[in-house]
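K.L.:
sequence and predicted structure below; questions after.
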Amino acid sequence: MKAAVLIGIRNFEIQEIPEPKIVNDNDVLIRIKMVGVCGSDIHYYTTGRIGSQIVKYPFIVGHEAAGVVEQVGSKVTRVKPGQKIAIDPAISCGKCDQCLAGRENTCRELVFMGNPKERNGALCEYIVHNENSCYPVSESITFEQAVMSEPLAIAVYAVDGTRNKAGSNIGIFGAGPIGMSVFHVLRTTDAGNIYVTDKIKERLDFAQQLNPAWSGNPADAVMEIKNREAEGLDVVYECSGDPDVFDQAAELLKPGGILSIIGIPEVDRISLPVHEMRRKEITIINVRRQSGSTQKAIDLLEGNRVSIDSMASHHYQLEDTQAAFDLVAGYRDGVMKAMISLD
């Protein structure tokens, strides 16, 4: 089968590799139809690492994926051949203390698709995955939507985790796919004013589709938001991975506010304005992927409660994977989400 294999920094090669086989009773053989390029994929592409997760070449990245079931193991009941599915890239053990506590995203034995030392990603024609991480979707759901259910699930998990009260005033720092997914989820709630910041004008323009109370460059955020929310914000979702915005978040949050960190910084350490956060008793929540939210995201899509079609801004074939990654890495051409098709 064909695969886009990462063989070095900023270097993909299209290779013929062996097709995977079903080994376990709960395995599902999936024909991959579409893969989204995520910011974490870009970290591996441009630097070869995220923190201690270091790529050993050759390696296949890609974890936002959707496809069609080709074959199933003898004990699989969740999906059947021919079914269109969305894919949760994480496989948890279901037995450890974290899984038993409902924290599958911090499973002690978690295996994540497209993560170094764990398993290859989805930029290939076929993968084998655990049935518990395969989610059937209706035929009305496009492959683009099925792919986007993965970042949307992260947003659902993040919003659920802050338990926003009615009328909460909220900041979204970073208007990329995760930030916009959070915005979409918030629009299904009774949130109050929502403020969006980003350094890229095209992304701010994109955010206008959801009618934020204000959107603009981070350099203007403190003055603009303070003029509108004298008491401060209830919640800030940090979706950019930019360490510089933590000072802004601390300044803009009201006492008792919540900072939800979703973005992945490129650096290993960041500094926080600890005294500002201490005096305000700000709660910091770190969001690691998602837990129990994939089906919720699919339900939002199938119920037409969110419309994320326009986020799939660019499309490529597998042979053009390098071009897709270069586009996203350079934030070029107003890209929101690049999709790679394997049809």
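P.N.:
Thanks, I have the structure now.
K.L.:
pull the longest helix from this protein.
P.N.:
Among the elements of type helix in the chain, defined by DSSP state H, the one spanning the most residues is helix 143-162.
K.L.:
can you pull out the strands in the stretch 1-150 of the chain?
P.N.:
Counting by DSSP state E, counting those that start in this stretch, one finds strands in the stretch 1-150 of the chain at the ranges 2-8, 11-16, 27-36, 49-50, 53-54, 64-72, 84-87, 90-91, 111-112, 126-130, 134-136.
K.L.:
tabulate these (JSON lines), appending mean neighbour count and distance to Gly263.
P.N.:
Quick note: C-beta positions are derived from backbone N, CA and C, even for glycine. Formatted as JSON lines, the entries for the strands of the stretch 1-150 of the chain read as follows, by neighbours: other C-beta atoms under 10 Å; distance: least, C-beta to C-beta, whole Å:
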{"stretch": "strand 2-8", "mean neighbour count": "20", "distance to Gly263": "22"}
{"stretch": "strand 11-16", "mean neighbour count": "14", "distance to Gly263": "25"}
{"stretch": "strand 27-36", "mean neighbour count": "24", "distance to Gly263": "17"}
{"stretch": "strand 49-50", "mean neighbour count": "16", "distance to Gly263": "12"}
{"stretch": "strand 53-54", "mean neighbour count": "14", "distance to Gly263": "16"}
{"stretch": "strand 64-72", "mean neighbour count": "23", "distance to Gly263": "16"}
{"stretch": "strand 84-87", "mean neighbour count": "25", "distance to Gly263": "23"}
{"stretch": "strand 90-91", "mean neighbour count": "22", "distance to Gly263": "19"}
{"stretch": "strand 111-112", "mean neighbour count": "18", "distance to Gly263": "18"}
{"stretch": "strand 126-130", "mean neighbour count": "22", "distance to Gly263": "26"}
{"stretch": "strand 134-136", "mean neighbour count": "20", "distance to Gly263": "25"}
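K.L.:
in a markdown table, list the ones you listed along with mean pLDDT and distance to Phe206.
P.N.:
Formatted as a markdown table, the entries for the strands of the stretch 1-150 of the chain read as follows, by pLDDT from 0 to 100; distance: least, C-beta to C-beta, whole Å:
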| stretch | mean pLDDT | distance to Phe206 |
| --- | --- | --- |
| strand 2-8 | 98 | 27 |
| strand 11-16 | 98 | 27 |
| strand 27-36 | 98 | 16 |
| strand 49-50 | 93 | 26 |
| strand 53-54 | 94 | 30 |
| strand 64-72 | 98 | 18 |
| strand 84-87 | 98 | 23 |
| strand 90-91 | 97 | 28 |
| strand 111-112 | 97 | 28 |
| strand 126-130 | 98 | 31 |
| strand 134-136 | 98 | 27 |
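K.L.:
closest one to Ile261 among those?
P.N.:
Between Ile261 and the strands of the stretch 1-150 of the chain, the tightest spacing by C-beta to C-beta is seen for strand 49-50, at 14.5 Å.
K.L.:
counting contacts, what elements does the closest one pack onto?
P.N.:
helix 39-46 (3 or more C-beta pairs under 8 Å, 6 or more residues apart in numbering; DSSP states H and E).
K.L.:
is it fair to say Arg288 lies in a helix?
P.N.:
No. Arg288 is assigned coil when assessed by DSSP: H, G, I helix; E, B strand; the rest coil, not a helix.
K.L.:
who's in contact with it?
P.N.:
By C-beta atoms under 8 Å, 6 or more residues apart in numbering, the contact list for Arg288 reads 105-106.
K.L.:
count of neighbours near Val23?
P.N.:
Around Val23 there are 8 other residues, counting by other C-beta atoms under 10 Å.
K.L.:
from Met1, how far out is it?
P.N.:
Distance of Val23 to Met1, computed by C-beta to C-beta, to the nearest Å: 17 Å.
K.L.:
just to revisit the earlier point, could I get the strands of the stretch 1-150 of the chain in JSON lines, plus columns for distance to Ala207?
P.N.:
Formatted as JSON lines, these follow (distance: least, C-beta to C-beta, whole Å):
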{"stretch": "strand 2-8", "distance to Ala207": "31"}
{"stretch": "strand 11-16", "distance to Ala207": "31"}
{"stretch": "strand 27-36", "distance to Ala207": "19"}
{"stretch": "strand 49-50", "distance to Ala207": "26"}
{"stretch": "strand 53-54", "distance to Ala207": "30"}
{"stretch": "strand 64-72", "distance to Ala207": "21"}
{"stretch": "strand 84-87", "distance to Ala207": "25"}
{"stretch": "strand 90-91", "distance to Ala207": "28"}
{"stretch": "strand 111-112", "distance to Ala207": "29"}
{"stretch": "strand 126-130", "distance to Ala207": "33"}
{"stretch": "strand 134-136", "distance to Ala207": "28"}
